[in-house]
Each structure stands twice: as C-alpha cells, then as structure tokens.
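[1] Sequence below, structure please.
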Amino acid sequence: MAQTYVYIYLSEGPVPVGILEMQGEGRVATARFQYGRRYLERDDALALDPVQLPLHDATETRPYIAPEGFALFNGIRDAAPDGWGRHLMDRAAGARPLTEFDYLVATGDDRVGALAFGPDLTGPQRVAPWNNKDVSLDGETLDLTEMLEAVRELDSADELPPEHRRFLARGSSLGGARPKASTEYNGKMWIAKFGRNDDRRPMCREEYATMMLAKRIGLNVPEVRLEKVLGQDVYLIERFDRSHGQNGVQRTPFICGLTIIGAHEAEFSRYSYRNLADQLRVFGSSPREDAKELWQRMVFNILCNNTDDHLRNHGFLWDGKGWRLSPAYDVVPFPQVATERDLAIGVGTEGRKATLKNALSDAESFGLSKNEAANLATTIRNKVKTEWEKTFRVSSIATADIERLRSCFIACDEKIDTFD
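    Numbers count the residues shown, from 1 in each chain. Below you'll find the predicted structure:
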C-alpha cells in the first residue's frame, strides 16, 4: 500500500489536509482518504472534492473509499498529470512501469490548482520513483527556447535525455495530450503550448485565434499570446490558478467538470452542460451568472465546432465561498466533413447534437428565458459569423488553412426562432 499526506495551499502556505492511501492498479485499484481533525476545524477549510470528499464534523472519524472503478477521487485526480505529463514521466522512468500513485506524487509544484503531496508532515515534497538526483532539477531557468528544444528531442527519444531533465518539472505537472509547460514570461505566469514538426495544422495559432474570437464576443477568457520561437509557434495562456501576492505565488484551488459532477472519465458523454449548471446551483457562489456564461460558451462551441469540450475541459475555481466557473480554455475548432455534428457532452433535449436549436431547447435550465436565450444566441452567432475569418487572418493563419476551417463555422448560418 502506498501512502501520502495531502496538502492544500491556503493564505499562509501549505496546510496538511489528510492522508491518502492507494493500493493496486487498474480495475483492482482502491483509494482511501481521511481528513485530519485540525484541518476540519479550520474556518477556511474547503472540500478537496465537493461530491466524493465532502467536509464533515471534526469530531467524526470518517474514512472515504473511492467509488468502484475510480483509481482516485476526482478532486485529487485533478492534481495529477494527463497524457503529456505522463509521457514525460514514463520517459524519465525508463523501463520501470509507473503507477497512478507515482504519477500523482512525482508531479512538481506547477501542477494545476492548490493541492500538493508529501511523504510526511514536514511539508510538500516531490517524490520521484526514479533517480533521486532528478528531484532537485526544478527547471526554474528554462526559457521558451530551451523548452521547445526539449519538446523536439522528447518526441523522438526513447528515454528522457539528461540535458532535458529540468523540463520534467515544468512539463509533467499539467493536463492534456499536447506538449506544454508552465513558465514565467514578462512577469506573469503562463502555460506554454508547443507545436510539433509533424503537425498537419497550425494548432497553436488556431487555438490563439479561437480564444481571441471568444474574447471579441464577450466570453471570459484569460490573456493569451502567440510567440515565434526557433521558427515554430508557441501559444501562451495566462494561468488563472496562479497569481503573485505579498507572500509570493498564490495558488487557487481548481477542480474540473468531472469532479463537480462526480462523473467517471470514461462516461463523460453521458453528461451535459445542464449537469454542470445544476451543480453550480449546489456548489457555486454565483450560479446564475456562471450558468449564463456556461450556456454562452456552449453556443460558441457549437458555432466554431469545438468538439473537444469534454468535462475535463471545463474548470471551476474556489473564491472563498464556493466554486466559480473558470475562464475558458482548450477551445479549438475541428474541421469535419459531416454536416451533422455532436459536442462531447449533452447540449439540450436532442442530446449532444451541435445545433443552436438544441442549445435553445433547454436554455431555461440555465436561468434564461426563451426570449433572452434567443437574443443571446443571435448576438453570438452574428458576431462569430462576421468576425471569425477576420480574426483568423489577423492571427496570420494561411488562406488554405482558413478554407479548411470554414466547415467548422457552418452553424453560423442556422436560423434562430424568435419569441414574443
């Protein structure tokens, strides 16, 4: 059985929350968590997972067992890496197979959100299951050029080259499948996403343009930048779970859509935007405002055919009172030949069908009247229709790529019924 103390960064720094125990792998994996009494007595204590790990009275002893089929509790899993981070760790470990526990405790300080882990109560400590000398290589001096050079070599190397060990700390902490790393640039904290030599599409440039389009129509998006490094695009998105404060870097607790719903990752398509809005009413501090923003993002995803809107690509930040919808991220159009499209999660009464009609069919569940929703959808559609091509051209996306992307925006021609 593997064991680690779980910490959370609060106003004064890392605070021990409880103990996590894990046993087994795959289908037979089990996880057990127990809050510490002192943490439960704090006025500012928050649940690591509002669904699977709710807070309870400090006088009780209540161990939690992860639901069947869950290797980890969702709220703790949010602090672990996904595809790219695991890829880096696998390269560092060589032939040694890594467990879910290994991925969790070996992740560096740049992990998403405010959780941290350590083998004892002396504070958070990254525990790498490979050579201990790698633990101290925190990557603080890496710049975008070094990061891109590391990405290029990591794509082809069988093992993590020694000269790029420092990239592990920066790149293994984050979710998603594409190469990325946390960095400080021009005095701000960013996530850098890198292009690859074999990319058939200018993915970084397209994501940048789509986020700029979302900003133009009034959606809540972080600051984004596009830089050219060694002849390749590097897309920068400002971290919304980090800020600079009087006591240094401040970490904001973060959970994803899977966690706020309590869903299993393999079954995300069973859920919908309405489920997210429902949970905002339970756990959110501004549910009406956030539900409206969420509905507008759904409409935007339909209009640009962002079919990668699964539950891990919806985030929530703790504001001291409850969970707020995070700024949008990972929004990219996906060209398709078919005229009938689906989003990754449910839209309205017709399931995942990506049409404005379907989005309008259940708008009242988001606190919108039929008339308000129709007016909002009309405004968003008209702005996207008139602005998308201009925005993509200003972002220096080639004409051939724009023509290929044109099919993503066919929903902009959909008629919207109005209501008296």
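[2] Spatially nearest residue to Asp57, not counting backbone neighbours?
    By the measure of C-beta to C-beta, 6 or more residues apart in numbering, the closest residue to Asp57 outside its immediate chain neighbours is Leu40, 7.3 Å from it. Where C-beta positions appear, they are placed from N, C-alpha and C, glycine not excepted.
[3] Please apply the same query to His244.
    His244's closest residue in space is Gln250 (C-beta to C-beta, 6+ apart), at 7.2 Å.
[4] buried set for the one helix or strand the one you found maps to?
    If you go by DSSP states H and E, Gln250 is part of strand 248-251. The neighbour-count check on strand 248-251 (16 or more other C-beta atoms under 10 Å) flags Arg251 as buried.
[5] How about stretch 288-308?
    For stretch 288-308, by 16+ other C-beta under 10 Å, it's 290-308.
[6] next one: stretch 227-234
    By neighbour count with 16+ other C-beta under 10 Å, stretch 227-234 contains the buried residues Glu227, Val229, Gln232, Asp233, Val234.
[7] Same check on stretch 403-418?
    Leu405, Ser407, Cys408, Phe409, Ala411, Cys412, Ile416.
[8] Show the contacting residues for the fourth one.
    When you say that, I think you mean Phe409. Leu303, Cys304, Asn305, Pro333, Val384, Lys385, Trp388 (C-beta atoms under 8 Å, 6 or more residues apart in numbering).
[9] Which of those sits closest to Leu10?
    Nearest to Leu10 among those, counting by C-beta to C-beta, is Cys304 at 37.9 Å.
[10] And for the residue nearest to the closest one when sequence neighbours are not counted, the neighbour number?
    In this structure, Cys304 finds its nearest non-sequential neighbour in Pro333, 4.5 Å apart by C-beta to C-beta, 6+ apart. Pro333: 26 surrounding residues under other C-beta atoms under 10 Å.
[11] ok, now which ones touch Pro333?
    Counted by C-beta under 8 Å, 6+ apart, Pro333 has contacts Glu206, Thr210, Cys304, Asn305, Asn306, Leu405, Cys408, Phe409.
[12] Local confidence estimate at the fourth one?
    This means Asn305. Note on Asn305: pLDDT of 97.
[13] ok, it touching Arg341?
    Yes - using C-beta atoms under 8 Å, Asn305 is in contact with Arg341, at 5.9 Å.
[14] Now the common contact residues for the two.
    Ala354, Ala411.
[15] secondary structure class for Arg332?
    Not Arg; residue 332 is Val. Counting by DSSP: H, G, I helix; E, B strand; the rest coil, the backbone at Val332 sits in coil.
[16] And Pro16, by the same measure?
    Under three-state DSSP, Pro16 comes out as strand.
[17] now swap in Lys385 and tell me
    helix.
[18] Let the chain start at 46 from now.
    Done: numbering now begins at 46, and the last item shifts to Lys430.
[19] Could you identify the helix or strand that succeeds the helix or strand of the chain at the bottom of the mean pLDDT ranking?
    When each helix and strand of the chain is scored by mean pLDDT, DSSP states H and E, helix 210-216 comes last, with a mean of 56. Downstream of helix 210-216, the first helix or strand assigned by DSSP H and E is strand 225-230.
[20] Can you tell me the strand partners of that next one and which way each runs?
    Strand 225-230 sits in its sheet next to strand 233-239 (antiparallel), going by DSSP bridges.
[21] Report the distance from the strand it pairs with to the chain centre.
    Remark: strand 233-239 is offset 13 Å from the chain centroid, using C-alpha atoms, centre = their mean, to the nearest Å.
[22] Likewise for stretch 327-338?
    Worked out by C-alpha atoms, centre = their mean, stretch 327-338 lies 18 Å from the chain centre.
[23] who's in contact with that stretch?
    By C-beta under 8 Å, 6+ apart, stretch 327-338 touches 95, 264-265, 305, 322, 325-326, 361, 364, 366-370, 411-413.
[24] re earlier: adding distance to Gly81, write the contacts of Phe454 out as JSON lines.
    JSON lines is the format used below for the contacts of Phe454 (distance: C-beta to C-beta, whole Å):
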{"residue": "Leu348", "distance to Gly81": "47"}
{"residue": "Cys349", "distance to Gly81": "45"}
{"residue": "Asn350", "distance to Gly81": "47"}
{"residue": "Pro378", "distance to Gly81": "46"}
{"residue": "Val429", "distance to Gly81": "49"}
{"residue": "Lys430", "distance to Gly81": "54"}
{"residue": "Trp433", "distance to Gly81": "51"}
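[25] Which of those residues sits closest to Ile236?
    Checking these one by one against Ile236 (C-beta to C-beta), the nearest turns out to be Pro378, at 20.0 Å.
[26] And that closest one, how close does it get to Ala399?
    In this view, Pro378 and Ala399 are 12 Å apart by C-beta to C-beta, to the nearest Å.
[27] what is in contact with those two at once?
    Asn350.
[28] low-scoring pLDDT stretches of the stretch 346-465 of the chain, where are they?
    463-465 (pLDDT under 70).
[29] One more pass at 90, please.
    Regions of the stretch 346-465 of the chain meeting the criterion pLDDT under 90 cover residues 381-384, 461-465.
[30] Where do the strands of it begin and end?
    360-363, 368-370 (DSSP state E, counting those that start in this stretch).
[31] The residue most central in space within the chain and Gly412, how far apart?
    Closest to where the C-alpha atoms of the chain average out (C-alpha atoms, centre = their mean) is Asn358, at 4.9 Å. According to C-beta to C-beta, Asn358 and Gly412 sit 22 Å apart.
[32] So which residues of the stretch 246-395 of the chain form helices?
    248-261, 302-306, 318-328, 332-349 (DSSP state H, counting those that start in this stretch).
[33] For Met46, find the nearest of these.
    helix 302-306 (24.2 Å).
[34] Please report the number of neighbouring residues for Ala138.
    The burial count for Ala138: 18, using other C-beta under 10 Å.
[35] Please name the nearest non-neighbouring residue to Ala116.
    Ala74 (4.2 Å).
[36] tell me the contacts of the one you found?
    Here Ala74 is in contact with Met67, Gln68, Ala116, Glu145 (C-beta under 8 Å, 6+ apart).
[37] Now stretch 431-438 - C-alpha only, CSV.
    Provided in CSV are the C-alpha atoms of stretch 431-438 (Å, rounded to 0.1, in the frame of the first residue of the first chain):
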residue,chain,number,x,y,z
THR,A,431,-18.8,38.3,-39.2
GLU,A,432,-15.6,38.2,-37.1
TRP,A,433,-14.2,34.7,-37.3
GLU,A,434,-12.4,34.9,-40.7
LYS,A,435,-11.1,38.4,-40.0
THR,A,436,-9.8,37.3,-36.6
PHE,A,437,-8.1,34.2,-38.1
ARG,A,438,-6.5,36.3,-40.9
